[in-house]
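K.L.:
Generate a structure from the sequence data that follows.
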Amino acid sequence: MPTKADFRKLVKDALEHLYDTAYLATHPLLRQLTGSATTNRLTRVQQLRSTLKETIESIRPQLALPAKAPEYRSYLALYYRYVQGMSMGQVENELGISLRQLQRELYKGLDAVAALLWEMRISTPEQTSEQALPESVETQVLYNEMAQWQSIREASDVHTLFEEVANMLKPLFNEQMPDLHVEFPDSLPPVFVDTTLIRQALFHLLRSLLQDNHGNEISLQAQIRDSQVEIHILCGKAVIDPSTSDQQMARLFIQRQGGRLATEITEDQRTRMVISLPQANPPKVLVIDDNQAIHQLFERYLAPHFYEILHAYDGLTALQMAAEVRPNIIILDVMMPAVDGWQVLRNLVENPATMQIPIIICSVLKESELAFSLGARAYIKKPVDRMELLATLAQFQEIGAPGEADQPSDSSDS
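P.N.:
Numbering: from 1, shown residues only. The predicted model follows:
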């Protein structure tokens, strides 16, 4: 388990990625502050996000004082910085304080929030079964480093990952490494992982198995189960010690990917290690705007966050693409020549093929009420703020599936 200092770092890290659903889906706080691991992961992310917001709100002074009184500063500093997603400069201007004073207020507020969350930690069956193992010194150090690790996840080919790890292992066995018999289907989809972390996980796991397998062949198989790619590693040894440094490190790296590592004993008393990793299936976001610079901006904002960006530069092309591709989310400009955004919006919400797709109006016009009356689900004002964009998309995002939000959201009012 992390120390209080480590836990505080985790809280700060989660707040800095408050609206990054893909990032929070693999965050260590997900297990510590939400319920059963059997709950849908997206639901648990939403619970974690709500818990973080509510805890910030809980430190708001109850005194009848002016909003900018000194007693409010720590609360407002956290609220503006993390909930509203303002830059440090914007928060400075809003509170009328110096950068140094703002840093002090953020530090004080974060201490209070972390202390409250520390008391809220949940001991779940998943946590008990995996964290009860005695941690090696290496694993404790690694756990601390993982709290600061900035994951960059991408679609990765499973076969290529294992080939790379096998080449890393060969020098350790003087080129006489036991055989790895790979039986991956050609149709196996890529996995959505941080390649640095998953290579390390596979390295530690395979090294542990190869050293203890007494030269026997190890077979690798894979299959798709739900939205996960399951990798089965079958070896001859009947007993695996999960407390070894290699095993603990592999488990930690895999969990950081949003995956799981399980051990099974087959009927013939062989050991099967099962790695479950998220399948790469990014939500498709169709951006409809006649301004090339907006498309480039959205690519830059969304590229690190597991979205596939589709582009349409006029209304007629957009209507055709939306019906054919069925994107998960549509971001629509209003001011376009020929067929404007209002016409496109009406067509999209009236077409049975596209009426269920969440549509976000993104415009310089302050017409959120009109947008909602015509069927839009959210409204973002230009110029577009990255944090506001991510927060709005997070309302509708589920990796590989359309959004589930039911109520419109006017981000311009928050």
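K.L.:
CA atoms of stretch 274-293 as CSV?
P.N.:
These are the backbone C-alpha positions of stretch 274-293, laid out as CSV (Å, rounded to 0.1, in the frame of the first residue of the first chain):
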residue,chain,number,x,y,z
VAL,A,274,-3.7,-15.2,-18.5
ILE,A,275,-3.0,-11.6,-19.4
SER,A,276,-6.1,-9.5,-20.2
LEU,A,277,-5.4,-6.2,-22.0
PRO,A,278,-7.9,-3.6,-23.5
GLN,A,279,-8.5,-4.0,-27.2
ALA,A,280,-7.7,-1.0,-29.3
ASN,A,281,-11.0,0.4,-30.6
PRO,A,282,-10.9,4.2,-30.3
PRO,A,283,-14.1,6.2,-30.3
LYS,A,284,-14.6,8.0,-33.6
VAL,A,285,-15.0,11.8,-33.4
LEU,A,286,-16.3,13.5,-36.6
VAL,A,287,-15.2,17.2,-36.7
ILE,A,288,-17.3,19.3,-39.1
ASP,A,289,-15.8,22.7,-39.7
ASP,A,290,-14.7,24.6,-42.8
ASN,A,291,-11.6,25.9,-41.0
GLN,A,292,-8.5,23.8,-41.5
ALA,A,293,-6.9,25.3,-38.4
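K.L.:
buried sites along that stretch?
P.N.:
With burial defined by 16 or more other Cβ atoms under 10 Å, the residues of stretch 274-293 counted as buried are 275-290. Using the backbone N, CA and C atoms, a C-beta is placed for each residue, glycine as well.
K.L.:
Could you tell me which of those residues are located in strands?
P.N.:
In strands, defined here by DSSP state E, the members of the buried residues of stretch 274-293 are Ile275, Ser276, Leu277, Pro278, Lys284, Val285, Leu286, Val287, Ile288.
K.L.:
any weak-confidence spans in the stretch 251-400 of the chain?
P.N.:
The stretch 251-400 of the chain contains residues with pLDDT under 70 at 303-306, 397-400.
K.L.:
Pull the most distant pair out of the ones in strands among the buried residues of stretch 274-293.
P.N.:
For these, with distances taken as Cβ to Cβ, the pair at the greatest spread is Ile275 and Ile288 (39.6 Å).
K.L.:
Residues contacting the strand or helix carrying Tyr107, please?
P.N.:
Using DSSP states H and E, Tyr107 falls within helix 99-118. Outside of helix 99-118, the residues that reach it under the criterion Cβ atoms under 8 Å, 6 or more residues apart in numbering are 4, 7-8, 11-12, 15, 29, 33, 51-52, 55-56, 58-59, 73-75, 77-78, 81, 88, 91-92, 95, 97.
K.L.:
need the ones in strands among the buried residues of stretch 274-293 in CSV with distance to Glu367, can you?
P.N.:
As requested, these are exported to CSV (distance: Cβ to Cβ, whole Å):
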residue, distance to Glu367
Ile275, 50
Ser276, 46
Leu277, 44
Pro278, 38
Lys284, 26
Val285, 22
Leu286, 21
Val287, 19
Ile288, 16
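K.L.:
Closest one to Gln248 out of the residues you listed, please.
P.N.:
Among those, and counting by Cβ to Cβ, the member closest to Gln248 is Ile275, at 14.8 Å.
K.L.:
Pretty sure that closest one sits against Gln255.
P.N.:
No - under the contact definition of Cβ atoms under 8 Å, Ile275 does not touch Gln255, with a separation of 10.8 Å.
K.L.:
For Asn347, which non-adjacent residue is spatially closest?
P.N.:
Once its chain neighbours are removed from consideration, Asn347 has its nearest residue in Leu319; the separation is 5.5 Å (Cβ to Cβ, 6 or more residues apart in numbering).
K.L.:
about what we covered before: ok, the ones in strands among the buried residues of stretch 274-293 vs Ala353, which is closest?
P.N.:
Ranking these by separation from Ala353, with Cβ to Cβ as the measure, puts Leu286 on top at 13.2 Å.
K.L.:
and the closest one, what does it touch?
P.N.:
Going by Cβ under 8 Å, 6+ apart, Leu286 touches Leu310, His311, Ala312, Ala318, Met321, Ala322, Val325, Pro327, Ile329, Ile330, Ile331.
K.L.:
please redo it, this time with the cut-off set to 6 Å
P.N.:
Under the criterion of Cβ atoms under 6 Å, 6 or more residues apart in numbering, the contact list for Leu286 reads Leu310, Pro327, Ile330.
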